[in-house]
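[1] Structural data only, the sequence is not supplied:
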(Lines give C-alpha, C1' and ligand atoms only; values in the text may rest on other atoms or scores of the structure.)
Protein backbone atom coordinates (compact mmCIF):
# COMPACT_ATOMS: atom_id res chain seq x y z
CA UNK A 1 0.00 0.00 0.00
CA UNK A 2 1.01 3.58 -0.62
CA UNK A 3 0.04 4.88 2.82
CA UNK A 4 3.70 4.80 3.97
CA UNK A 5 4.68 7.02 1.00
CA UNK A 6 1.78 9.33 1.78
CA UNK A 7 2.71 9.74 5.45
CA UNK A 8 6.41 10.21 4.59
CA UNK A 9 5.34 13.05 2.25
CA UNK A 10 3.09 14.61 4.90
CA UNK A 11 4.01 18.23 5.78
CA UNK A 12 3.29 17.90 9.51
CA UNK A 13 5.18 15.99 12.22
CA UNK A 14 3.51 12.67 13.01
CA UNK A 15 3.37 11.45 16.62
CA UNK A 16 4.50 7.96 17.54
CA UNK A 17 6.27 5.32 15.47
CA UNK A 18 5.44 5.67 11.76
CA UNK A 19 5.71 1.94 10.97
CA UNK A 20 3.28 1.12 13.78
CA UNK A 21 0.79 3.70 12.48
CA UNK A 22 1.13 2.42 8.92
CA UNK A 23 0.50 -1.15 10.06
CA UNK A 24 -2.57 -0.05 12.03
CA UNK A 25 -4.03 1.68 8.94
CA UNK A 26 -3.26 -1.28 6.67
CA UNK A 27 -4.75 -3.82 9.07
CA UNK A 28 -7.93 -1.75 9.60
CA UNK A 29 -8.28 -1.55 5.84
CA UNK A 30 -7.73 -5.28 5.40
CA UNK A 31 -10.06 -6.17 8.26
CA UNK A 32 -12.89 -3.97 6.93
CA UNK A 33 -12.71 -5.70 3.53
CA UNK A 34 -12.45 -9.17 5.06
CA UNK A 35 -15.34 -8.68 7.51
CA UNK A 36 -17.55 -7.28 4.72
CA UNK A 37 -16.74 -10.37 2.66
CA UNK A 38 -17.22 -12.79 5.57
CA UNK A 39 -20.70 -11.41 6.33
CA UNK A 40 -21.58 -11.80 2.65
CA UNK A 41 -20.17 -15.33 2.44
CA UNK A 42 -22.18 -16.25 5.56
CA UNK A 43 -25.32 -15.04 3.75
CA UNK A 44 -24.51 -17.43 0.91
CA UNK A 45 -24.15 -20.52 3.14
CA UNK A 46 -26.86 -23.17 3.57
CA UNK A 47 -26.65 -22.85 7.36
CA UNK A 48 -27.16 -19.05 7.38
CA UNK A 49 -29.41 -19.36 10.46
CA UNK A 50 -26.36 -20.58 12.43
CA UNK A 51 -24.29 -17.65 11.19
CA UNK A 52 -26.58 -14.76 12.15
CA UNK A 53 -24.36 -13.66 15.02
CA UNK A 54 -21.26 -13.89 12.80
CA UNK A 55 -22.92 -11.65 10.18
CA UNK A 56 -23.92 -8.99 12.71
CA UNK A 57 -20.54 -8.85 14.44
CA UNK A 58 -18.64 -8.78 11.13
CA UNK A 59 -20.80 -5.88 9.88
CA UNK A 60 -20.13 -3.98 13.11
CA UNK A 61 -16.41 -4.71 12.89
CA UNK A 62 -16.20 -3.49 9.27
CA UNK A 63 -17.86 -0.19 10.21
CA UNK A 64 -15.60 0.43 13.21
CA UNK A 65 -12.47 -0.56 11.23
CA UNK A 66 -13.37 1.89 8.44
CA UNK A 67 -13.86 4.77 10.88
CA UNK A 68 -10.66 3.86 12.75
CA UNK A 69 -8.65 3.69 9.52
CA UNK A 70 -9.75 7.23 8.63
CA UNK A 71 -9.11 8.68 12.11
CA UNK A 72 -5.61 7.12 12.36
CA UNK A 73 -4.80 8.28 8.81
CA UNK A 74 -5.58 11.93 9.66
CA UNK A 75 -2.66 13.47 11.58
CA UNK A 76 -2.88 17.22 10.94
CA UNK A 77 -5.27 18.01 13.78
CA UNK A 78 -6.01 14.89 15.76
CA UNK A 79 -7.61 14.93 19.22
CA UNK A 80 -5.64 12.47 21.33
CA UNK A 81 -8.60 11.35 23.48
CA UNK A 82 -10.87 10.76 20.47
CA UNK A 83 -8.15 8.85 18.58
CA UNK A 84 -7.46 6.63 21.59
CA UNK A 85 -11.14 5.89 22.25
CA UNK A 86 -11.75 5.06 18.59
CA UNK A 87 -8.83 2.64 18.38
CA UNK A 88 -9.95 1.03 21.65
CA UNK A 89 -13.40 0.53 20.10
CA UNK A 90 -11.71 -1.12 17.13
CA UNK A 91 -9.89 -3.56 19.42
CA UNK A 92 -13.21 -4.48 21.04
CA UNK A 93 -15.02 -4.92 17.70
CA UNK A 94 -12.21 -7.07 16.25
CA UNK A 95 -12.16 -9.22 19.39
CA UNK A 96 -15.91 -9.85 19.18
CA UNK A 97 -15.98 -10.82 15.50
CA UNK A 98 -12.77 -12.87 15.84
CA UNK A 99 -14.22 -14.90 18.73
CA UNK A 100 -17.39 -15.64 16.74
CA UNK A 101 -15.54 -16.47 13.50
CA UNK A 102 -13.31 -18.88 15.41
CA UNK A 103 -16.42 -20.87 16.37
CA UNK A 104 -17.11 -21.48 12.66
CA UNK A 105 -13.51 -21.75 11.43
CA UNK A 106 -13.54 -25.55 11.20
CA UNK A 107 -16.58 -25.54 8.88
CA UNK A 108 -16.10 -22.34 6.90
CA UNK A 109 -12.73 -21.37 5.43
CA UNK A 110 -13.87 -17.70 5.11
CA UNK A 111 -14.46 -17.61 8.86
CA UNK A 112 -11.02 -19.09 9.48
CA UNK A 113 -9.35 -16.41 7.32
CA UNK A 114 -11.51 -13.67 8.84
CA UNK A 115 -10.63 -14.71 12.41
CA UNK A 116 -6.93 -14.46 11.52
CA UNK A 117 -7.32 -11.04 9.95
CA UNK A 118 -9.34 -9.78 12.94
CA UNK A 119 -6.58 -11.00 15.27
CA UNK A 120 -3.91 -9.15 13.24
CA UNK A 121 -5.98 -5.98 13.29
CA UNK A 122 -6.57 -6.29 17.03
CA UNK A 123 -2.79 -6.59 17.56
CA UNK A 124 -1.94 -3.72 15.20
CA UNK A 125 -4.44 -1.48 17.02
CA UNK A 126 -3.07 -2.51 20.44
CA UNK A 127 0.48 -1.77 19.23
CA UNK A 128 -0.65 1.63 17.97
CA UNK A 129 -2.26 2.44 21.32
CA UNK A 130 0.99 1.52 23.08
CA UNK A 131 3.00 3.70 20.67
CA UNK A 132 0.95 6.86 21.39
CA UNK A 133 0.70 6.28 25.16
CA UNK B 1 -37.35 9.71 11.26
CA UNK B 2 -38.67 6.23 10.78
CA UNK B 3 -36.12 4.51 13.01
CA UNK B 4 -38.61 4.29 15.89
CA UNK B 5 -41.08 2.47 13.60
CA UNK B 6 -38.28 0.18 12.44
CA UNK B 7 -37.19 -0.74 15.96
CA UNK B 8 -40.80 -1.23 17.10
CA UNK B 9 -41.23 -3.68 14.19
CA UNK B 10 -37.98 -5.51 15.05
CA UNK B 11 -38.45 -9.24 15.78
CA UNK B 12 -35.86 -9.40 18.59
CA UNK B 13 -36.01 -7.93 22.11
CA UNK B 14 -34.04 -4.68 22.34
CA UNK B 15 -32.00 -3.97 25.48
CA UNK B 16 -32.34 -0.68 27.34
CA UNK B 17 -34.85 2.15 26.86
CA UNK B 18 -36.08 2.34 23.24
CA UNK B 19 -36.56 6.12 23.22
CA UNK B 20 -33.00 6.64 24.43
CA UNK B 21 -31.64 4.36 21.70
CA UNK B 22 -33.75 6.10 19.04
CA UNK B 23 -32.48 9.50 20.15
CA UNK B 24 -28.87 8.27 20.07
CA UNK B 25 -29.30 7.02 16.47
CA UNK B 26 -31.04 10.22 15.38
CA UNK B 27 -28.42 12.48 16.94
CA UNK B 28 -25.51 10.49 15.47
CA UNK B 29 -27.18 10.80 12.08
CA UNK B 30 -27.75 14.54 12.50
CA UNK B 31 -24.22 15.12 13.81
CA UNK B 32 -22.60 13.23 10.93
CA UNK B 33 -24.45 15.40 8.39
CA UNK B 34 -23.74 18.62 10.28
CA UNK B 35 -20.02 17.92 10.77
CA UNK B 36 -19.64 16.98 7.09
CA UNK B 37 -21.29 20.27 6.17
CA UNK B 38 -19.27 22.30 8.70
CA UNK B 39 -15.96 20.98 7.34
CA UNK B 40 -17.12 21.88 3.84
CA UNK B 41 -18.29 25.37 4.87
CA UNK B 42 -14.92 25.92 6.58
CA UNK B 43 -13.24 25.09 3.27
CA UNK B 44 -15.31 27.81 1.60
CA UNK B 45 -14.33 30.54 4.09
CA UNK B 46 -11.69 33.22 3.41
CA UNK B 47 -9.90 32.36 6.65
CA UNK B 48 -9.63 28.64 5.90
CA UNK B 49 -6.08 28.62 7.36
CA UNK B 50 -7.61 29.45 10.78
CA UNK B 51 -10.12 26.63 10.41
CA UNK B 52 -7.79 23.72 9.64
CA UNK B 53 -8.22 22.17 13.08
CA UNK B 54 -12.02 22.58 12.84
CA UNK B 55 -12.05 20.78 9.47
CA UNK B 56 -9.97 17.85 10.73
CA UNK B 57 -11.96 17.33 13.93
CA UNK B 58 -15.31 17.64 12.12
CA UNK B 59 -14.24 15.02 9.56
CA UNK B 60 -13.19 12.68 12.37
CA UNK B 61 -16.45 13.30 14.22
CA UNK B 62 -18.55 12.58 11.11
CA UNK B 63 -16.78 9.23 10.59
CA UNK B 64 -17.17 8.14 14.22
CA UNK B 65 -20.83 9.26 14.30
CA UNK B 66 -21.61 7.24 11.16
CA UNK B 67 -20.02 4.09 12.57
CA UNK B 68 -21.76 4.60 15.94
CA UNK B 69 -25.14 5.14 14.28
CA UNK B 70 -24.81 1.79 12.49
CA UNK B 71 -23.60 -0.13 15.55
CA UNK B 72 -26.39 1.25 17.79
CA UNK B 73 -28.97 0.53 15.06
CA UNK B 74 -28.01 -3.16 14.89
CA UNK B 75 -29.57 -5.05 17.81
CA UNK B 76 -29.84 -8.68 16.66
CA UNK B 77 -26.35 -9.75 17.71
CA UNK B 78 -24.56 -6.91 19.41
CA UNK B 79 -21.41 -7.35 21.48
CA UNK B 80 -21.89 -5.26 24.62
CA UNK B 81 -18.22 -4.32 25.03
CA UNK B 82 -17.82 -3.24 21.41
CA UNK B 83 -21.04 -1.21 21.49
CA UNK B 84 -20.00 0.54 24.68
CA UNK B 85 -16.47 1.33 23.43
CA UNK B 86 -17.83 2.68 20.13
CA UNK B 87 -20.34 4.99 21.80
CA UNK B 88 -17.62 6.19 24.18
CA UNK B 89 -15.46 7.03 21.14
CA UNK B 90 -18.40 9.00 19.75
CA UNK B 91 -18.67 11.04 22.95
CA UNK B 92 -14.94 11.85 22.71
CA UNK B 93 -15.13 12.81 19.02
CA UNK B 94 -18.21 15.02 19.55
CA UNK B 95 -16.52 16.72 22.51
CA UNK B 96 -13.40 17.52 20.46
CA UNK B 97 -15.23 18.98 17.46
CA UNK B 98 -17.71 20.82 19.68
CA UNK B 99 -14.89 22.51 21.64
CA UNK B 100 -13.19 23.63 18.42
CA UNK B 101 -16.43 24.81 16.75
CA UNK B 102 -17.25 26.87 19.86
CA UNK B 103 -14.02 28.84 19.31
CA UNK B 104 -15.35 29.96 15.91
CA UNK B 105 -19.04 30.26 16.78
CA UNK B 106 -19.01 34.04 17.08
CA UNK B 107 -17.62 34.46 13.55
CA UNK B 108 -19.17 31.54 11.69
CA UNK B 109 -22.84 30.65 12.09
CA UNK B 110 -22.18 27.12 10.72
CA UNK B 111 -19.72 26.53 13.57
CA UNK B 112 -22.28 27.78 16.08
CA UNK B 113 -24.93 25.38 14.78
CA UNK B 114 -22.40 22.53 14.56
CA UNK B 115 -21.25 23.04 18.16
CA UNK B 116 -24.87 22.77 19.32
CA UNK B 117 -25.50 19.61 17.33
CA UNK B 118 -22.27 18.04 18.63
CA UNK B 119 -23.37 18.81 22.19
CA UNK B 120 -26.77 17.18 21.63
CA UNK B 121 -25.10 14.09 20.16
CA UNK B 122 -22.62 13.92 23.05
CA UNK B 123 -25.57 14.01 25.50
CA UNK B 124 -27.63 11.46 23.56
CA UNK B 125 -24.64 9.09 23.50
CA UNK B 126 -23.98 9.58 27.22
CA UNK B 127 -27.67 8.89 27.96
CA UNK B 128 -27.50 5.75 25.86
CA UNK B 129 -24.40 4.55 27.74
CA UNK B 130 -26.23 5.11 31.03
CA UNK B 131 -29.28 3.20 29.74
CA UNK B 132 -27.27 0.06 28.87
CA UNK B 133 -25.09 0.12 32.00
CA UNK C 1 -32.64 18.37 10.74
CA UNK C 2 -30.22 21.24 10.89
CA UNK C 3 -28.82 20.72 7.39
CA UNK C 4 -30.99 23.56 6.02
CA UNK C 5 -29.51 25.95 8.62
CA UNK C 6 -26.02 24.72 7.75
CA UNK C 7 -26.45 25.26 4.01
CA UNK C 8 -28.06 28.68 4.57
CA UNK C 9 -24.97 29.65 6.60
CA UNK C 10 -22.60 28.30 3.93
CA UNK C 11 -20.17 30.93 2.57
CA UNK C 12 -20.28 29.71 -1.05
CA UNK C 13 -23.10 29.91 -3.61
CA UNK C 14 -24.98 26.59 -3.87
CA UNK C 15 -26.13 25.38 -7.29
CA UNK C 16 -29.74 24.30 -7.88
CA UNK C 17 -32.77 24.58 -5.60
CA UNK C 18 -31.76 24.54 -1.91
CA UNK C 19 -34.94 22.81 -0.70
CA UNK C 20 -34.45 20.01 -3.22
CA UNK C 21 -30.84 19.51 -2.09
CA UNK C 22 -31.87 19.52 1.57
CA UNK C 23 -34.55 16.92 0.92
CA UNK C 24 -32.07 14.74 -0.97
CA UNK C 25 -29.61 14.85 1.97
CA UNK C 26 -32.34 14.16 4.53
CA UNK C 27 -33.78 11.23 2.56
CA UNK C 28 -30.34 9.66 1.99
CA UNK C 29 -29.72 9.94 5.72
CA UNK C 30 -33.11 8.42 6.56
CA UNK C 31 -32.73 5.65 3.99
CA UNK C 32 -29.24 4.67 5.23
CA UNK C 33 -30.55 4.28 8.79
CA UNK C 34 -33.68 2.41 7.68
CA UNK C 35 -31.82 -0.01 5.40
CA UNK C 36 -29.25 -0.73 8.12
CA UNK C 37 -32.12 -1.51 10.49
CA UNK C 38 -34.06 -3.58 7.93
CA UNK C 39 -31.03 -5.80 7.24
CA UNK C 40 -30.62 -6.28 10.99
CA UNK C 41 -34.32 -7.02 11.53
CA UNK C 42 -34.17 -9.57 8.68
CA UNK C 43 -31.31 -11.29 10.53
CA UNK C 44 -33.56 -11.57 13.59
CA UNK C 45 -36.46 -13.24 11.73
CA UNK C 46 -37.19 -17.00 11.82
CA UNK C 47 -37.25 -17.11 7.99
CA UNK C 48 -33.84 -15.46 7.54
CA UNK C 49 -33.05 -17.86 4.67
CA UNK C 50 -35.89 -16.24 2.68
CA UNK C 51 -34.52 -12.78 3.41
CA UNK C 52 -30.92 -13.21 2.26
CA UNK C 53 -31.44 -11.11 -0.88
CA UNK C 54 -33.18 -8.41 1.16
CA UNK C 55 -30.24 -8.24 3.59
CA UNK C 56 -27.64 -7.92 0.82
CA UNK C 57 -29.52 -5.26 -1.13
CA UNK C 58 -30.31 -3.24 2.02
CA UNK C 59 -26.62 -3.30 3.05
CA UNK C 60 -25.63 -2.10 -0.42
CA UNK C 61 -28.30 0.61 -0.35
CA UNK C 62 -27.16 1.88 3.07
CA UNK C 63 -23.56 2.20 1.84
CA UNK C 64 -24.50 4.05 -1.35
CA UNK C 65 -26.93 6.35 0.53
CA UNK C 66 -24.22 7.28 3.04
CA UNK C 67 -21.72 8.14 0.31
CA UNK C 68 -24.37 10.09 -1.63
CA UNK C 69 -25.41 12.05 1.45
CA UNK C 70 -21.82 13.17 1.97
CA UNK C 71 -21.20 14.07 -1.67
CA UNK C 72 -24.45 16.09 -1.97
CA UNK C 73 -23.71 17.82 1.36
CA UNK C 74 -20.31 19.08 0.11
CA UNK C 75 -20.78 22.10 -2.15
CA UNK C 76 -17.50 24.05 -1.97
CA UNK C 77 -15.72 22.15 -4.72
CA UNK C 78 -18.03 19.60 -6.26
CA UNK C 79 -17.31 17.86 -9.58
CA UNK C 80 -20.60 17.88 -11.51
CA UNK C 81 -20.02 14.56 -13.30
CA UNK C 82 -19.05 12.73 -10.10
CA UNK C 83 -22.01 14.17 -8.18
CA UNK C 84 -24.43 13.18 -10.93
CA UNK C 85 -23.05 9.64 -11.27
CA UNK C 86 -23.16 9.12 -7.49
CA UNK C 87 -26.78 10.25 -7.18
CA UNK C 88 -27.70 8.04 -10.14
CA UNK C 89 -26.10 5.10 -8.33
CA UNK C 90 -28.22 5.95 -5.30
CA UNK C 91 -31.40 5.86 -7.38
CA UNK C 92 -30.42 2.40 -8.66
CA UNK C 93 -29.55 1.08 -5.18
CA UNK C 94 -32.80 2.40 -3.66
CA UNK C 95 -34.83 0.89 -6.51
CA UNK C 96 -33.24 -2.54 -5.99
CA UNK C 97 -33.76 -2.67 -2.22
CA UNK C 98 -37.27 -1.18 -2.52
CA UNK C 99 -38.33 -3.85 -5.04
CA UNK C 100 -37.06 -6.64 -2.78
CA UNK C 101 -38.55 -5.15 0.42
CA UNK C 102 -41.93 -4.86 -1.32
CA UNK C 103 -41.92 -8.65 -1.83
CA UNK C 104 -41.79 -9.10 1.98
CA UNK C 105 -43.94 -6.10 2.98
CA UNK C 106 -47.06 -8.17 3.68
CA UNK C 107 -45.20 -10.41 6.16
CA UNK C 108 -42.69 -8.02 7.71
CA UNK C 109 -43.66 -4.53 8.82
CA UNK C 110 -39.97 -3.43 8.77
CA UNK C 111 -39.79 -4.33 5.07
CA UNK C 112 -42.99 -2.35 4.42
CA UNK C 113 -41.55 0.75 6.12
CA UNK C 114 -38.18 0.28 4.43
CA UNK C 115 -39.76 0.00 0.96
CA UNK C 116 -41.55 3.31 1.56
CA UNK C 117 -38.39 5.05 2.74
CA UNK C 118 -36.42 3.71 -0.25
CA UNK C 119 -39.11 5.05 -2.58
CA UNK C 120 -38.94 8.49 -0.97
CA UNK C 121 -35.17 8.52 -1.27
CA UNK C 122 -35.34 7.41 -4.91
CA UNK C 123 -37.72 10.31 -5.63
CA UNK C 124 -35.66 12.86 -3.70
CA UNK C 125 -32.54 11.80 -5.62
CA UNK C 126 -34.36 11.97 -8.96
CA UNK C 127 -35.66 15.45 -8.09
CA UNK C 128 -32.13 16.51 -7.18
CA UNK C 129 -30.78 15.23 -10.50
CA UNK C 130 -33.48 17.20 -12.34
CA UNK C 131 -32.61 20.35 -10.34
CA UNK C 132 -28.93 20.29 -11.30
CA UNK C 133 -29.50 19.32 -14.97
CA UNK D 1 -4.60 -8.66 0.85
CA UNK D 2 -6.72 -11.61 1.87
CA UNK D 3 -9.71 -10.69 -0.32
CA UNK D 4 -8.69 -13.24 -2.97
CA UNK D 5 -8.69 -15.99 -0.32
CA UNK D 6 -12.06 -14.79 0.92
CA UNK D 7 -13.66 -14.82 -2.51
CA UNK D 8 -12.13 -18.22 -3.34
CA UNK D 9 -13.74 -19.55 -0.15
CA UNK D 10 -17.12 -17.97 -0.99
CA UNK D 11 -19.99 -20.47 -1.22
CA UNK D 12 -21.75 -18.77 -4.16
CA UNK D 13 -20.68 -18.52 -7.82
CA UNK D 14 -19.09 -15.13 -8.58
CA UNK D 15 -19.85 -13.43 -11.89
CA UNK D 16 -17.03 -12.13 -14.11
CA UNK D 17 -13.27 -12.61 -13.81
CA UNK D 18 -12.21 -13.10 -10.19
CA UNK D 19 -8.78 -11.44 -10.59
CA UNK D 20 -10.42 -8.34 -12.09
CA UNK D 21 -12.88 -8.14 -9.19
CA UNK D 22 -10.10 -8.61 -6.63
CA UNK D 23 -8.05 -5.84 -8.22
CA UNK D 24 -11.07 -3.51 -8.23
CA UNK D 25 -11.64 -4.11 -4.49
CA UNK D 26 -7.94 -3.67 -3.67
CA UNK D 27 -7.64 -0.45 -5.67
CA UNK D 28 -10.80 1.05 -4.16
CA UNK D 29 -9.40 0.25 -0.72
CA UNK D 30 -6.01 1.77 -1.56
CA UNK D 31 -7.57 4.84 -3.16
CA UNK D 32 -9.86 5.52 -0.19
CA UNK D 33 -6.88 5.48 2.18
CA UNK D 34 -4.71 7.59 -0.12
CA UNK D 35 -7.40 10.23 -0.76
CA UNK D 36 -8.14 10.49 2.97
CA UNK D 37 -4.44 11.03 3.58
CA UNK D 38 -4.03 13.50 0.69
CA UNK D 39 -6.89 15.69 1.97
CA UNK D 40 -5.27 15.64 5.42
CA UNK D 41 -1.79 16.45 4.04
CA UNK D 42 -3.32 19.35 2.07
CA UNK D 43 -4.73 20.69 5.35
CA UNK D 44 -1.21 20.66 6.79
CA UNK D 45 0.35 22.67 3.93
CA UNK D 46 1.15 26.39 4.12
CA UNK D 47 -0.78 27.03 0.88
CA UNK D 48 -3.97 25.30 2.06
CA UNK D 49 -6.06 28.04 0.37
CA UNK D 50 -4.74 26.82 -3.01
CA UNK D 51 -5.65 23.24 -2.14
CA UNK D 52 -9.30 23.68 -1.17
CA UNK D 53 -10.57 22.05 -4.36
CA UNK D 54 -8.12 19.17 -3.92
CA UNK D 55 -9.37 18.58 -0.35
CA UNK D 56 -13.04 18.54 -1.39
CA UNK D 57 -12.56 16.22 -4.36
CA UNK D 58 -10.32 13.82 -2.38
CA UNK D 59 -12.93 13.60 0.40
CA UNK D 60 -15.64 12.84 -2.17
CA UNK D 61 -13.42 10.25 -3.86
CA UNK D 62 -12.66 8.50 -0.55
CA UNK D 63 -16.38 8.20 0.24
CA UNK D 64 -17.31 6.83 -3.18
CA UNK D 65 -14.35 4.40 -3.16
CA UNK D 66 -15.38 3.04 0.24
CA UNK D 67 -18.98 2.45 -0.88
CA UNK D 68 -17.80 0.89 -4.15
CA UNK D 69 -15.38 -1.42 -2.35
CA UNK D 70 -18.20 -2.76 -0.20
CA UNK D 71 -20.67 -3.17 -3.08
CA UNK D 72 -18.13 -5.01 -5.28
CA UNK D 73 -17.12 -7.20 -2.32
CA UNK D 74 -20.69 -8.40 -1.77
CA UNK D 75 -21.60 -11.07 -4.33
CA UNK D 76 -24.36 -13.16 -2.73
CA UNK D 77 -27.27 -10.99 -3.87
CA UNK D 78 -26.00 -8.15 -6.02
CA UNK D 79 -28.27 -6.01 -8.22
CA UNK D 80 -26.47 -5.65 -11.55
CA UNK D 81 -27.77 -2.15 -12.32
CA UNK D 82 -26.86 -0.80 -8.88
CA UNK D 83 -23.38 -2.37 -8.99
CA UNK D 84 -22.73 -0.93 -12.44
CA UNK D 85 -23.94 2.58 -11.51
CA UNK D 86 -21.86 2.58 -8.33
CA UNK D 87 -18.65 1.56 -10.10
CA UNK D 88 -19.33 4.19 -12.78
CA UNK D 89 -19.63 6.80 -10.02
CA UNK D 90 -16.28 5.61 -8.69
CA UNK D 91 -14.65 6.11 -12.10
CA UNK D 92 -16.02 9.68 -12.20
CA UNK D 93 -14.89 10.49 -8.64
CA UNK D 94 -11.38 9.09 -9.23
CA UNK D 95 -11.09 11.04 -12.49
CA UNK D 96 -12.03 14.32 -10.76
CA UNK D 97 -9.62 13.97 -7.85
CA UNK D 98 -6.84 12.66 -10.10
CA UNK D 99 -7.14 15.67 -12.42
CA UNK D 100 -6.95 18.08 -9.50
CA UNK D 101 -4.07 16.24 -7.78
CA UNK D 102 -2.10 16.31 -11.04
CA UNK D 103 -2.22 20.12 -10.96
CA UNK D 104 -0.34 20.07 -7.62
CA UNK D 105 1.90 17.04 -8.30
CA UNK D 106 5.00 19.11 -9.06
CA UNK D 107 4.80 20.91 -5.71
CA UNK D 108 3.38 18.27 -3.41
CA UNK D 109 4.64 14.69 -3.44
CA UNK D 110 1.43 13.47 -1.70
CA UNK D 111 -0.60 14.85 -4.62
CA UNK D 112 1.70 13.09 -7.10
CA UNK D 113 1.25 9.73 -5.33
CA UNK D 114 -2.49 10.32 -4.93
CA UNK D 115 -2.94 11.11 -8.64
CA UNK D 116 -1.22 7.82 -9.52
CA UNK D 117 -3.36 5.82 -7.11
CA UNK D 118 -6.56 7.48 -8.42
CA UNK D 119 -5.53 6.56 -11.98
CA UNK D 120 -4.97 2.92 -10.99
CA UNK D 121 -8.36 2.80 -9.28
CA UNK D 122 -10.06 4.39 -12.28
CA UNK D 123 -8.52 1.71 -14.53
CA UNK D 124 -9.35 -1.15 -12.16
CA UNK D 125 -12.99 0.04 -12.01
CA UNK D 126 -13.18 0.40 -15.81
CA UNK D 127 -11.76 -3.12 -16.20
CA UNK D 128 -14.32 -4.44 -13.74
CA UNK D 129 -17.16 -2.77 -15.67
CA UNK D 130 -15.89 -4.38 -18.88
CA UNK D 131 -15.71 -7.78 -17.16
CA UNK D 132 -19.36 -7.74 -16.06
CA UNK D 133 -20.74 -6.28 -19.30
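    Perfect, thanks for sending it. In this text the structure is predicted, and so the values were computed from the model without any measurement. Numbering: from 1, shown residues only, chains lettered A, B, ... in the order given.
[2] what's the neighbour count on residue A:19?
    The criterion is other Cβ atoms under 10 Å in any protein chain shown. On that basis, residue A:19 has 12 neighbouring residues. (Glycine included, C-beta is placed from N, CA and C.)
[3] excluding its backbone neighbours, what's nearest it?
    In space, and not counting its chain neighbours, residue A:19 is closest to residue A:4: 8.0 Å by Cβ to Cβ, 6 or more residues apart in numbering or on different chains.
[4] check which helix or strand covers the one you found.
    helix A:3-8 (DSSP states H and E).
[5] Residue A:120 too?
    Assigned by DSSP H and E, residue A:120 belongs to helix A:109-131.
[6] what residues does the helix holding residue A:4 touch?
    Counting by Cβ atoms under 8 Å, 6 or more residues apart in numbering or on different chains, helix A:3-8 makes contact with A:14, A:18-19, A:21-22, A:25-26, A:73, A:75, D:33-34, D:37-38, D:41, D:109-110, D:113-114, all of which sit outside it.
[7] again, but for stretch A:60-68
    Applying Cβ under 8 Å, 6+ apart, the set of residues contacting stretch A:60-68 is A:24, A:28-29, A:31-33, A:35-36, A:39, A:86-87, A:89-90, A:93-94, A:96-97, A:118, A:121, A:125, B:63-64, B:66-67, B:70-71, B:74, B:78-79, B:82, B:86, D:66, D:70.
[8] Need the per-residue pLDDT for residue A:1.
    Predicted confidence (pLDDT) for residue A:1: 82.
[9] how about the nearest residue to the residue most central in space within chain A, chain neighbours excluded?
    The residue lying closest to the centre of chain A (Cα atoms, centre = their mean) is residue A:28, at 3.3 Å. Across the structure, with Cβ to Cβ, 6+ apart as the measure, the residue nearest residue A:28 apart from its sequence neighbours is residue A:69 (3.8 Å).
[10] thought the one you found was touching residue D:30?
    No - in this structure, residue A:69 sits apart from residue D:30 without contact. The criterion is Cβ atoms under 8 Å, and the distance is 11.8 Å.
[11] Looking at those two, which one has more neighbours?
    Neighbours were counted for residue A:69 and for residue D:30 using other Cβ under 10 Å; residue A:69 has more, 29 against 23.
[12] need the residues of chain A near chain B, please.
    Near chain B, the residues belonging to chain A are A:52-53, A:55-57, A:59-61, A:63-64, A:66-67, A:70-71, A:74, A:76-79, A:81-82, A:84-86, A:88-89, A:91-93, A:95-96 when assessed by Cβ under 8 Å from any Cβ of the partner chain.
[13] returning to that earlier point: mind checking what helix or strand follows the helix holding residue A:4 in sequence?
    Following helix A:3-8 in sequence order, the next helix or strand is helix A:18-43 (DSSP H and E).
[14] packing partners for that following helix?
    helix A:3-8, helix A:52-73, helix A:80-104, helix A:109-131, helix C:52-73, helix D:3-8, helix D:18-43, helix D:52-73 (3 or more Cβ pairs under 8 Å, 6 or more residues apart in numbering or on different chains; DSSP states H and E).
[15] where does residue A:45 fall, phi/psi-wise?
    phi -80, psi 150 (degrees, to the nearest 10).
[16] Apart from its neighbours in sequence, what residue is nearest it?
    Setting aside the residues directly before and after it, residue A:45 is nearest to residue D:11 in space (Cβ to Cβ, 6+ apart), at 5.2 Å.
[17] number of nearby residues for that neighbour?
    The burial metric for residue D:11, expressed as a neighbour count using other Cβ under 10 Å, is 17.
[18] ok, now residue A:95?
    Residue neighbour count, defined by other Cβ under 10 Å, stands at 21 for residue A:95.
[19] contacting residues for it?
    Under the criterion of Cβ under 8 Å, 6+ apart, the contact list for residue A:95 reads A:118, A:122, B:81, B:82.
[20] Distance check, it against chain C.
    Counting by Cβ to the nearest Cβ, to the nearest Å, the gap between residue A:95 and chain C amounts to 21 Å.
[21] Equivalent analysis for residue A:41, please.
    According to Cβ to the nearest Cβ, residue A:41 and chain C sit 11 Å apart.
[22] which non-adjacent residue is nearest that residue?
    Going by Cβ to Cβ, 6+ apart, residue A:41 has residue A:110 as its nearest residue, at 4.2 Å.
[23] Isn't that neighbour up against residue A:38?
    Yes - Residue A:110 lies in contact with residue A:38 (Cβ under 8 Å); the separation is 5.2 Å.
[24] related to what we said a few turns ago, which among the contacts of residue A:95 gets closest to chain D?
    In terms of Cβ to the nearest Cβ, no member of the contacts of residue A:95 lies closer to chain D than residue A:118, at 10.9 Å.
[25] wouldn't that closest one be in contact with residue A:91 here?
    No - with contact defined as Cβ under 8 Å, residue A:118 does not reach residue A:91; the gap is 10.3 Å.
[26] one step back: pull out the buried members of the contacts of helix A:3-8.
    A:21-22, A:25-26, A:73, A:75, D:33-34, D:37-38, D:41, D:109-110, D:113-114 (16 or more other Cβ atoms under 10 Å in any protein chain shown).
[27] Would you check which pair of those lies furthest apart?
    Greatest spacing in the buried ones among the contacts of helix A:3-8, by Cβ to Cβ: A:26 and D:109 (19.9 Å).
[28] any weak-confidence spans in chain A?
    Across chain A, nothing is flagged by pLDDT under 70.
[29] Swap in 90 and give it another go.
    Within chain A, the stretches falling below the threshold (pLDDT under 90) are A:1, A:133.
[30] What residue in it is the furthest from its centre?
    Distance from the C-alpha centroid of chain A, by Cα atoms, centre = their mean, peaks at residue A:46 (27.3 Å).
[31] need the contact list for that residue.
    Contacts of residue A:46 were listed using Cβ under 8 Å, 6+ apart, and they are residue D:11.
[32] Give me the secondary structure label for it.
    Using DSSP: H, G, I helix; E, B strand; the rest coil, the secondary structure recorded for residue A:46 is coil.
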